[in-house]
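1. What shape does this take:
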Amino acid sequence: MTGRVNEGPIQAYEGPPDYRKVGRHGVFPDMSHDEVERLNVLAQLNRHLSTRVIPGVKQAWETRALPAFEKANDRAPKDRHEVRKALLKDPAFQTWSALRRLTMEQRQQAGRWTTLRQAEELAAKAAALNAGHDRLELDPSLLIPRYVSAVDHHCMPGSYHVERFEGDVSGGANYDHGGFATTGGLLGRFSDGGGQAVVRWVQRKLPDFKPRRILDIGATVGHSALPIAQAFPDAEVVAIDVGGPMLRYAAARAASLGVENIRFVQADGADLSRFAAGSFDWVQTTMFLHELSLASMKAIFAESRRVLAPGGVVLHVEQPQYAPTMPLFEQAMRDWDAFYNNEPFWSTLHEIDLDARMVEAGFTADELIHDGVTAVVDREVFPDAADDDSEDYGRKAAWRVIGARKTPKEAR
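-> Residues are numbered from 1 along each chain as shown. Modelled structure (predicted):
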């Protein structure tokens, strides 16, 4: 579409960089020309949907779908669910939604094609990189929580935990090398822009903070944990996840990138009993809460506070909550992942009172932290979300931070 919408002119389109700019490491999948170009096409399409198509959907809502709803019901929509149901009848939303789902399915098909054809070779590389080190601790007896085992998150077959053969790392390899397509490059060369953003926030906001032990929950392949370990080389970083294939890949990836002060442990964040009370100075999650059941989130919040040392910090990085000030159209668009992208907990997470959940876990209201971060990338090569005024309603690399700093004992 051309022309203007209520928020101003449609942003000039600038596509993501070529996939060949993505950073490689010792366990990164080998890729053919066609495999690279498949991901280039998908990255370009995702970027096109966010910069060119979404403004048209908003325009269609304001000029067509909303007036039709108001005429039929003699009132405005009362909540995001009514907005979503009205949008479902509009061809602009139908087109955007179908294309967005297509990009997710094809991204998984492309990533799995690349990794499964070389799964044994990748497993051998990971085993060699992990041999002779204690950076990886797996627990084959770990019960995978149902919020993981019952869902193929964001159309990813087998989610984070399925192991296709002994030593398998194909899930981690798929997750790592295909993320560029989903984000359109907005997370940077090593898809670690979120971790870099957290590091920058801590360095700016807590310049005297010198953590000795750091816990990253829901680490997957270490995209967020590695930048933290690199920025605080004197600290011990423990990165946990329930997915064994993810952690094998993560440990090998860290080894090949020369990050030595990190361990990857297969564990459920809802049960951190292996760690003593007050044993971590910093507990971190990044884009993790939206994949939790409410029962697991309650347990993880409580355990995070228990293992946090006095004076320590817990930070949760997520997409913004559905505050009363957020327009219902935006809420409905952000809800897309819950209904059409295998993220069943997304909608509920973004409407609940996270402050109240943190207080329920034991923090006081005056200990809570609220702020925002955007991905930090190599701006000479990758687009910077801080300079991007488009909105992708759930994919943009700009997040909210909710956390707390535990009051030191001497201040109590």
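
2. Longest strand in this protein, please.
-> When the chain is parsed with DSSP state E, its longest strand is strand 308-318.

3. Okay, strands next: where are they in the protein?
-> 4-5, 8-9, 136-137, 213-217, 236-241, 262-266, 280-286, 308-318, 368-374, 398-405.

4. With N46 as the reference, name the closest of those strands.
-> Of all the strands of the chain, strand 398-405 sits nearest to N46, with 15.8 Å by Cβ to Cβ. Every C-beta, even on glycine, is put in place using the N, C-alpha and C of the backbone.

5. That closest one pairs with which strands?
-> Applying DSSP bridges, strand 398-405 is found paired with strand 308-318 (antiparallel), strand 368-374 (antiparallel).

6. deepest of those strands, which one?
-> strand 308-318 (a mean of 22; mean count of other Cβ atoms under 10 Å).

7. which residues in the stretch 251-400 of the chain form helices?
-> 294-307, 328-334, 336-340, 346-349, 354-360 (DSSP state H, counting those that start in this stretch).

8. What helices and strands are in contact with the third one?
-> Which is helix 336-340. Judged by 3 or more Cβ pairs under 8 Å, 6 or more residues apart in numbering; DSSP states H and E, the packing partners of helix 336-340 are helix 91-116, helix 346-349.

9. Report the buried residues of the shortest one.
-> Meaning helix 346-349. Residues of helix 346-349 classed as buried: W346, S347, L349 (neighbour count, 16 or more other Cβ atoms under 10 Å).

10. my guess is the second one contacts W336, does it?
-> No - counting by Cβ atoms under 8 Å, no contact exists between S347 and W336, whose distance comes to 9.7 Å.

11. re the thing from before, alpha carbons of the longest strand of the chain, as PDB, please.
-> Output of strand 308-318 as PDB, limited to C-alpha atoms (Å, rounded to 0.1, in the frame of the first residue of the first chain):
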ATOM      1  CA  LEU A 308      19.200 -14.500  45.000                       C
ATOM      2  CA  ALA A 309      21.800 -13.100  47.400                       C
ATOM      3  CA  PRO A 310      21.100 -10.000  49.400                       C
ATOM      4  CA  GLY A 311      21.900  -7.000  47.200                       C
ATOM      5  CA  GLY A 312      21.400  -9.200  44.100                       C
ATOM      6  CA  VAL A 313      19.300  -8.500  41.000                       C
ATOM      7  CA  VAL A 314      16.700 -10.500  39.200                       C
ATOM      8  CA  LEU A 315      15.800  -9.300  35.700                       C
ATOM      9  CA  HIS A 316      13.000 -10.600  33.400                       C
ATOM     10  CA  VAL A 317      13.100  -9.300  29.800                       C
ATOM     11  CA  GLU A 318       9.800  -9.600  27.900                       C
END
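
12. what angle separates it from strand 280-286?
-> Between strand 308-318 and strand 280-286, the angle comes out at 10 degrees (axes from the mean of the first three to the mean of the last three Cα atoms, to 10 degrees).

13. pLDDT and distance to T285 for the buried residues of helix 346-349 - can I get that in CSV?
-> Output for these, formatted as CSV (pLDDT from 0 to 100; distance: Cβ to Cβ, whole Å):
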residue, pLDDT, distance to T285
W346, 95, 15
S347, 95, 19
L349, 95, 12
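
14. Name the nearest of those residues relative to A397.
-> For these, the nearest to A397 is W346 (17.0 Å; Cβ to Cβ).

15. what about the nearest residue to that closest one once chain neighbours are set aside, how many neighbours?
-> In this structure, W346 finds its nearest non-sequential neighbour in A338, 4.0 Å apart by Cβ to Cβ, 6 or more residues apart in numbering. By other Cβ atoms under 10 Å, 19 other residues sit near A338.

16. wait, isn't A338 in contact with S347?
-> Yes - using Cβ under 8 Å, A338 is in contact with S347, at 3.8 Å.

17. returning to that earlier point: so which of the helices of the stretch 251-400 of the chain is the most surrounded?
-> helix 328-334 comes out most buried of these by mean count of other Cβ under 10 Å, with a mean of 21.

18. what comes into contact with that helix?
-> 54, 57-58, 61, 77, 79-84, 87, 319, 322, 350, 391, 393-394 (Cβ atoms under 8 Å, 6 or more residues apart in numbering).

19. sorry, back to before: compile the strands of the chain into TSV and extend it with columns for mean pLDDT.
-> Converted to TSV, the strands of the chain look like this (pLDDT from 0 to 100):
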stretch	mean pLDDT
strand 4-5	40
strand 8-9	47
strand 136-137	98
strand 213-217	98
strand 236-241	98
strand 262-266	98
strand 280-286	98
strand 308-318	98
strand 368-374	95
strand 398-405	95
